[in-house]
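**Q** Sharing a model that was predicted from the sequence below.
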Amino acid sequence: MEEQLDDVFIFDHPLIQHKMSKLRDKHTTSKEFREIVNEISMLMAYEVTRDMPLREIEVETPICKTKAYEIEGKKAALIPILRAGLGMVGGWLELIPNAKVGHIGVYRDPQTFEAIEYYCKLPEDIGQRDVYLLDPMLATGVSSVACLDILRRRGVKACKFVCLIAAPEGIQTLREAYPDVPIYCAALDQCLNEHRYIVPGLGDAGDRLFGTK
């Protein structure tokens, strides 16, 4: 189940909320953190893809022929925002193994807090795919909007943004820039602090995923 507010979907599934508590704990090791991010991502992918269109087909079981269903329509593309978004890809590929994976690298200028692009590699047919933009944290929303700008310039029309934790400020920024892009998150936190980190959050997702400081 999920709570919906103005095209913002907040997952309240007990398994997701239990695992989110483990992520927030500062004593969780990098190995555990990576495993839990992967698990939560897979659980979220199951729900985020709920509206994938199906078409009826016929298959033959060991007993008889019967009608069944397969996914139709555009194929999927997963776009993690480097570097923390990489931690979410594995869980999605468990469910959609044929999805193509692109990468967009942006970093936040420590003085201006503006997003600066440093890498972009996308599937050639990205404009014909259903795109899932992945990033564990939606803080200011500046990086997410910058990535959506890139995707729109490449012809992407169908896109969903998926994160683990969002701040109200980030949701507002993303909604104002791209009101047509649904936002999916496992938790909506209180606010940003003076350093633009989410409170209570879980710290720096990239550092905790990869054991860096």
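**A** Cool, got the structure. Numbering: from 1, shown residues only.

**Q** quick one: buried residues of the helix ranked longest in the chain?
**A** Longest helix of the chain, by residue count under DSSP state H: helix 30-48. Residues of helix 30-48 classed as buried: 33-45, 47-48 (neighbour count, 16 or more other CB atoms under 10 Å). Every residue, glycine included, has its C-beta placed from N, CA and C.

**Q** Same check on stretch 192-210?
**A** Applying 16+ other CB under 10 Å to stretch 192-210 flags L192, Y197, I198, G201, L202, A205, G206, R208, L209 as buried.

**Q** Let me have these in TSV, adding pLDDT, secondary structure and distance to D180 as columns.
**A** Converted to TSV, those look like this (pLDDT from 0 to 100; DSSP: H, G, I helix; E, B strand; the rest coil; distance: CB to CB, whole Å):
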residue	pLDDT	secondary structure	distance to D180
L192	94	strand	24
Y197	90	coil	28
I198	96	strand	24
G201	95	coil	27
L202	95	coil	29
A205	94	helix	26
G206	93	helix	28
R208	94	helix	32
L209	95	helix	30
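
**Q** contacting residues around stretch 197-206?
**A** Contact with stretch 197-206 is made by 23-24, 26, 37, 83-84, 87, 136-137, 139, 164-167, 189-193, 208, 212, as judged by CB atoms under 8 Å, 6 or more residues apart in numbering.

**Q** Can you give me the end-to-end span of that stretch?
**A** End-to-end span of stretch 197-206 (CA to CA, to the nearest Å): 13 Å.

**Q** Which of the buried residues of stretch 192-210 sits closest to Y119?
**A** G206 (14.3 Å; CB to CB).

**Q** Tell me which residues touch R55, please.
**A** By CB under 8 Å, 6+ apart, R55 lies in contact with Y69, E70, I71, E72.

**Q** State the distance from V106 to I116.
**A** Noted for V106: a distance of 6 Å to I116, by CB to CB, to the nearest Å.

**Q** Looking at the two now, which is surrounded by more residues?
**A** V106 (21 against 13; other CB atoms under 10 Å).

**Q** so the more buried one, which of the three states?
**A** Following DSSP: H, G, I helix; E, B strand; the rest coil, V106 is assigned to strand.

**Q** Just give me the neighbour total for I96.
**A** For I96, the count of nearby residues is 18 (other CB under 10 Å).

**Q** For it, which non-adjacent residue is closest in space?
**A** A76 (5.2 Å; CB to CB, 6 or more residues apart in numbering).

**Q** Which positions are bridged to that neighbour in the beta structure?
**A** Under DSSP bridges, the beta-bridge partners of A76 are D130.

**Q** Can you show me the helices along the chain?
**A** Under DSSP H, the chain gives helices at 14-24, 30-48, 86-95, 142-153, 168-177, 205-210.

**Q** what residue ranges in this structure are flagged as low confidence?
**A** Per-residue confidence for the chain (pLDDT under 70) gives these ranges: 1-5.
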